[in-house]
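J.: I'll drop the sequence and a predicted model, then ask my questions.
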Protein chains: 4
Amino acid sequence: MVPANGVSADQIRAFVERIERLEEEKKAVSDDIKGVYGEAKATGYDAKILRLVVRLRKQEPAERSEAEAVLDLYLHALGMAPAMEGDEA
Amino acid sequence: MVPANGVSADQIRAFVERIERLEEEKKAVSDDIKGVYGEAKATGYDAKILRLVVRLRKQEPAERSEAEAVLDLYLHALGMAPAMEGDEA
Amino acid sequence: MVPANGVSADQIRAFVERIERLEEEKKAVSDDIKGVYGEAKATGYDAKILRLVVRLRKQEPAERSEAEAVLDLYLHALGMAPAMEGDEA
Amino acid sequence: MVPANGVSADQIRAFVERIERLEEEKKAVSDDIKGVYGEAKATGYDAKILRLVVRLRKQEPAERSEAEAVLDLYLHALGMAPAMEGDEA
DNA sequence: ATGAGCCAGGGGTGGC
DNA sequence: GCCACCCCTGGCTCAT
């Protein structure tokens, strides 16, 4: 159903307002997240590392392994040891 | 505070889980937004234009701020700081 | 040393080194820019405002594009595509 | 030397133009970098991983080790040891 | 500690 | 219908 000869202002308005409402919610949640990081920081934790942890947990382990494999491959090609705990090449 | 270094596994876990929960919410809202655009499209509207409308409505307040900034810029350029404290040397 | 998988260490190294070289150049230019701002500041100008001026001059062309986008928006909303083809759907 | 009662238009113009010139250079270099990544990609390499490699090479090894140590600490606290598991709160 | 500038990654759009 | 390009948002760094 295409509003070909004249759009419906009401419909447009409704859509736009729904979206704007949702974007407000989204921003609120983002701010909450930011707040939690701030709290963690105030408690003595490193927010940056915390973000990294969250990111790692989000990754599928399989994915991660694959990415690491490729990375290792490249690093190896460059003569750089694969960044493990016994460091340095 | 258990694991020696002032790092509490419980605290970390709590922070991470709160964040993860909030990120799920955030994603849900993002998906809702996407859904609304899809609905609008199905109704015959152009999602791209709708996005533009939303963006424009969001920018309008910002534009006013920018206008004020430009005013200040010119006042400053004329050596007439806007009647406030703290002009730098 | 070609690690089997179609990965050529020489190629990787070449790419990486080219990139690193370019990033050095880029950093040098960034530092030059920073230097000019510092100079301006030392001469008595406000670097922040100078940045704003530069940004505004950069945005002016973009604004025209935006204006055109808005025009298209309204034309589209009226069912009048920009003087060309029919309508979609 | 503060141009307090009347800025020098010439000076401002000169600063702005020097900056704009440098920013053009900078953009040119950025484009070159992008070009190299594109080339690498066309040759069959993964640009994302390549970026990672470049970033890793840029990091001081010490820095990296420290960051990894903290990360390990947190992961361990969460029971996500990077090879050995079995921690739990 | 806060805020701005810079940069990289992700999402959306147009082209093949 | 999928892929590459581009814009834009979010994170990191550094200066105040």
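T.: Perfect, I can see it now.
J.: the helix or strand containing A:Y37 and chain B in contact?
T.: Using DSSP states H and E, A:Y37 sits in helix A:9-43. Yes: Helix A:9-43 reaches chain B (C-beta under 8 Å from any C-beta of the partner chain) through A:11-12, A:15-16, A:18-20, A:22-23, A:25-26, A:29-30, A:32-33, A:36-37, A:39-40, A:43. Bear in mind the C-beta positions are built from the backbone N, C-alpha and C, glycine included.
J.: buried among those residues? Need that as a selection in ChimeraX.
T.: To isolate the buried ones among the residues of helix A:9-43 next to chain B in ChimeraX, judged by 16 or more other C-beta atoms under 10 Å in any protein chain shown, type:
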select /A:12,15,16,18,19,22,25,26,29,32,33,36,37,40
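J.: mind splitting chain A into its structural domains?
T.: Chain A breaks down into these domains under automatic domain parsing: A:9-58, A:59-89.
J.: give me the element the residue nearest the centre of chain A is part of.
T.: In chain A, the residue lying closest to the centroid (C-alpha atoms, centre = their mean) is A:R55, at 7.0 Å. Using DSSP H and E, A:R55 sits in helix A:47-58.
J.: which elements pack onto the helix or strand just after that helix?
T.: Of the helices and strands lying after helix A:47-58 in sequence (DSSP H and E), the nearest is helix A:61-77. Using 3 or more C-beta pairs under 8 Å, 6 or more residues apart in numbering or on different chains; DSSP states H and E, the elements in contact with helix A:61-77 are helix C:9-43, helix D:47-58.
J.: can I get the ones you listed in a markdown table including distance to DNA strand F?
T.: Putting the helices and strands packed on helix A:61-77 into a markdown table (distance: least, C-beta to the nearest atom of the strand, whole Å) gives the following:
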| stretch | distance to DNA strand F |
| --- | --- |
| helix C:9-43 | 7 |
| helix D:47-58 | 9 |
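J.: can you flag the weakest of the ones you listed by average pLDDT?
T.: Sorting those by mean pLDDT places helix D:47-58 lowest, at a mean of 89.
J.: using CSV, list the CA coordinates for that one.
T.: Taking Å, rounded to 0.1, in the frame of the first residue of the first chain, the C-alpha atoms of helix D:47-58 are listed here in CSV:
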residue,chain,number,x,y,z
ALA,D,47,42.7,-6.3,6.3
LYS,D,48,41.2,-6.5,9.8
ILE,D,49,43.9,-8.9,11.0
LEU,D,50,46.5,-6.8,9.2
ARG,D,51,45.3,-3.8,11.2
LEU,D,52,45.6,-5.9,14.4
VAL,D,53,49.2,-6.9,13.4
VAL,D,54,50.1,-3.3,12.9
ARG,D,55,48.6,-2.3,16.2
LEU,D,56,50.4,-5.1,18.1
ARG,D,57,53.7,-4.1,16.6
LYS,D,58,53.1,-0.5,17.7
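J.: for that helix, packing partners?
T.: helix A:61-77, helix C:9-43, helix D:9-43.
J.: is it true that A:A40 touches B:F15?
T.: Yes: using C-beta atoms under 8 Å, A:A40 is in contact with B:F15, at 4.6 Å.
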